[in-house]
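A.B. asks: coords please:
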Amino acid sequence: METFQEKLKVQNLILAVGCVILAVFCALGFAAEAGLVQLTPVAGDSHWQSQWRGFVSGASFGIFALMLFGLVRNCLALKDEKKLKKLYIRENDERAIQVWTCARASALQAFLILGLVAGIVCGYFSVAVSLSVLACVLVSSLLGVAFKLYYSRKF
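C.D. replies: Prediction:
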């Protein structure tokens with residue numbers, strides 16, 4: 001249980017740093033939308049720039065909230081032995097790990113297939129978009145192969 005507590009402490013440090021960084025992004029996005037800070041993309045009209053600032057603010061706030069939830073959950077678990085044991089059991093449940101592993105593998109396969117279809121369809125409208133989508137598919141497939149090789153040697 002000591003190693004799990006150390007793992008949670010490291011995780012809390014990472015979550016705290018992430019929360020601070022995301023809070024800065026949230027504040028910058030909200031300040032830019034209010035006109036206090038000049039933060040606009042170089043391309044697009046004012047509607048796109050406002051939409052982009054809203055996306056940055058909203059995405060930052062959403063991820064910030066999730067990280068803050070995880071940080072609070074970990075801190076509460078470190079203070080209470082029952083909650084710590086419950087969190088340990090939940091994080092080391094073999095069935096849940098297997099479900100996540102299968103879900104991620106299926107998601108990667110679906111992404112590769114749908115990405116190829118999207119790249120082909122986008123090719124009829126924009127070469128740049130089509131090549132961007134195909135580059136994402138290529139990078140994803142290469143990462144999948146690289147991680148497969150890494151984990152086949154690790155285990």
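
A.B. asks: C-alpha from now on. contacts and neighbour counts both.
C.D. replies: Fine.

A.B. asks: tell me the helices in the chain, going along the chain?
C.D. replies: Secondary structure of the chain, counting by DSSP state H: helices at 2-34, 46-79, 81-91, 94-122, 127-154.

A.B. asks: The ones you listed: which one's closest to residue 40?
C.D. replies: Nearest of the helices of the chain to residue 40, taken as C-alpha to C-alpha: helix 46-79 at 5.6 Å.

A.B. asks: OK, contacts around residue 1?
C.D. replies: Not one residue lies near residue 1 by C-alpha atoms under 8 Å, 6 or more residues apart in numbering.

A.B. asks: can you check the one 3 residues further on too?
C.D. replies: By C-alpha under 8 Å, 6+ apart, the contact set of residue 4 is residue 88.

A.B. asks: ok, now how distant is the residue of the chain most remote from its centre from residue 132?
C.D. replies: In the chain, the greatest distance from the average C-alpha position (C-alpha atoms, centre = their mean) is reached by residue 124, at 30.7 Å. According to C-alpha to C-alpha, to the nearest Å, residue 124 and residue 132 sit 14 Å apart.

A.B. asks: now residue 115
C.D. replies: Residue 115 is 10 Å from residue 132, by C-alpha to C-alpha.

A.B. asks: Please say which of the two ends up with more neighbours.
C.D. replies: For residue 115 and residue 132, the more surrounded residue by other C-alpha atoms under 10 Å is residue 115, and the numbers stand at 20 against 14.

A.B. asks: Tell me, how many residues neighbour residue 144?
C.D. replies: Residues lying near residue 144 (other C-alpha under 10 Å) number 15.

A.B. asks: my bad, should have said residue 133
C.D. replies: Number of residues near residue 133 (other C-alpha under 10 Å) recorded here: 20.

A.B. asks: Was I right to think it contacts residue 121?
C.D. replies: No. With contact defined as C-alpha atoms under 8 Å, residue 133 does not count as touching residue 121 (10.3 Å).

A.B. asks: list the contacts for residue 28?
C.D. replies: 37, 39, 57.

A.B. asks: Of these - the most surrounded one?
C.D. replies: Among the contacts of residue 28, the one with the most neighbours (other C-alpha under 10 Å) is residue 57, at 23 neighbours.

A.B. asks: and that residue, what does it touch?
C.D. replies: With contact set as C-alpha under 8 Å, 6+ apart, residue 57 has these partners: 25, 26, 27, 28, 29, 30.
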